[in-house]
Each structure stands twice: as structure tokens, then as C-alpha cells.
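*Asks:* predicted structure and sequence below. I'll ask about it afterward.
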Amino acid sequence: MTTQRSFKARVRARMEKTGESYTTARRHLINRTVEPASTAASPPAPTEPTASAAAAQTERIADDLIRARTGRGWDEWFAVLDAASATEWTHTRIARHLATEHEVPGWWAQTVTVGYEQARGLRAPGQRRGGGFEASASRTVAVPALRLFEAFADETARARWLPDVEVRLRTATAPRSFRADWAGGPTRIVVGIDAVGESKARVNVLHEKLTGAEQAAELKAYWRDRLAVLKVLLETDGDHR
């Protein structure tokens, strides 16, 4: 009983420090306990919304995952792009080159492009090439891609895990993408959904047109928390569908 009470106190202390929900803070502490640092798949999540809190793309997305989805790991893609003198290209040209010349799926072409630009000093983590800022978060959920898409596109379904915020649709293509203005603007979200087999899909949320690194870090933490809630909702009886 004493051990359990002590653990709950640690969870609440982390909540006060990071602003995380109880569930999110508890999960981070459990992961820290059961996963040795030498074998962790990725670095621990940032704990405070500071300008340095945004993690680089190569730290957020494991090399094994990039290789599984694109056929090459980070260093291999960097070598390919260096050989093509891609540091002199625009973001759009790099992504298009990956998609057309190397058959990298659209969302993953964007992912590799951002990782390359950060690694070569063309943009800071959380920053766009043009100098603006953005935040992103992703989750793999054990439901079909269409079900995950509907959680964003259907207003009633969306309100169950993303309440009290105005989301105004711009464009949507089921089951792959969803774009919307956020809270009346000027920021907006771009959602990409990638099927992983018939009963599993990965969602990535990109929140664009942010004012600075601090807002980017805050929204990154926000979307991590919201996608964790969405995952639980869709994978348990809480969805009631």
C-alpha cells in the first residue's frame, strides 16, 4: 500500500511539472521503470514546453521503422540525398524526388525530407524551412484506417476525444487525409493516415502556422496526449460502436 501511494505521489508530481494528464504521466513513469535506458526504442518525451523541447525527426522515429516503411534507414537516405545535392533543393523538390524516383509513399517522403533538412541544418526541430513553426505527433492504433479517419472526420466521433475546440474542415480524402483550420485559425492541422495491414493504422498529426518554439512544444505535448486518448477509445469498448 505504501509503495502504491508513493507511486501515485510521483505521478501527481510529474503532472504538476509537465501539465500532462494522470494517464500520460503514469505511462511515462511506468515506461521509465520497466525499460532500461540502454534498450529504449527512443529518448524519453520532453517534459517541459521550452524552445529546446522539440525532438529531431531522427529521434522521434526509429531507424527500423523508417527502413520498414521506405526500404532504407536514416543514414542511407541521407547519403542518397547528399549524392543528389538535395541541400540546395526546396522541401517540395526533396519530397517529390523521394516519391517519384524512389517510390517512397507520400507521408513517409515528407517524414524523410524533414529528417534530412534537420540533420543538414536547413531547419530546426519544430521549424519549417521558411522560418515558421509546427508541431507533430503520431500513433499506431489497432483499428482499420477508415475507422481512424472517421474519428477525425465525423464531428460526433471527434468530440469524444477532442472536445471543446472548433475544427473547421478544409479538405478530406477518406481514409488517407484530413485538413482543417484549428480554433478559428490561423493555425491548422494536417492529418495523414497510413494503413498497416487490414486492422491497424498509423496516424500523424501536423499542426502548422505556429507562432514559435514554445507554442510548438506545447502543442506537441497536447497532441501526444490526445492521440493517446484516441487510441484507448478506439481499442476498447469505450467507443461503443
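*Replies:* Good, I have the coordinates.

*Asks:* and for residue 168, the neighbour number?
*Replies:* By other C-beta atoms under 10 Å, the residues close to residue 168 number 11. All C-beta spots, glycine's among them, are computed from the backbone N, C-alpha and C.

*Asks:* can you tell me which helix or strand residue 140 belongs to?
*Replies:* Assigned by DSSP states H and E, residue 140 belongs to strand 133-141.

*Asks:* following that strand, which helix or strand comes up?
*Replies:* Counting by DSSP H and E, the next helix or strand C-terminal to strand 133-141 is helix 145-153.

*Asks:* distance check, the residue lying closest to residue 151 once chain neighbours are set aside against residue 177.
*Replies:* Of all residues not flanking residue 151 in the chain, residue 157 sits nearest, at 5.2 Å (C-beta to C-beta, 6 or more residues apart in numbering). Residue 157 is 17 Å from residue 177, where distance means C-beta to C-beta, to the nearest Å.

*Asks:* please report how far the closest residue to residue 150 other than its chain neighbours lies from residue 96.
*Replies:* In space, and not counting its chain neighbours, residue 150 is closest to residue 157: 5.7 Å by C-beta to C-beta, 6+ apart. Distance from residue 157 to residue 96, counting by C-beta to C-beta: 34 Å.

*Asks:* now do residue 180
*Replies:* Taking C-beta to C-beta, one finds residue 180 at 25 Å from residue 96.

*Asks:* go on, residue 171?
*Replies:* Counting by C-beta to C-beta, the gap from residue 171 to residue 96 is 20 Å.

*Asks:* these two - which one has more neighbours?
*Replies:* residue 96 (15 against 9).

*Asks:* output the strand holding residue 140 as PDB, restricted to C-alpha atoms.
*Replies:* The C-alpha trace of strand 133-141 is given here as PDB (Å, rounded to 0.1, in the frame of the first residue of the first chain):
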ATOM      1  CA  PHE A 133       7.000  26.600 -36.600                       C
ATOM      2  CA  GLU A 134       4.900  23.400 -36.500                       C
ATOM      3  CA  ALA A 135       4.300  20.500 -34.100                       C
ATOM      4  CA  SER A 136       3.600  16.900 -34.900                       C
ATOM      5  CA  ALA A 137       2.700  13.700 -33.100                       C
ATOM      6  CA  SER A 138       1.800  10.200 -34.300                       C
ATOM      7  CA  ARG A 139       0.300   6.900 -33.000                       C
ATOM      8  CA  THR A 140      -0.300   3.400 -34.300                       C
ATOM      9  CA  VAL A 141      -3.900   2.300 -33.500                       C
END
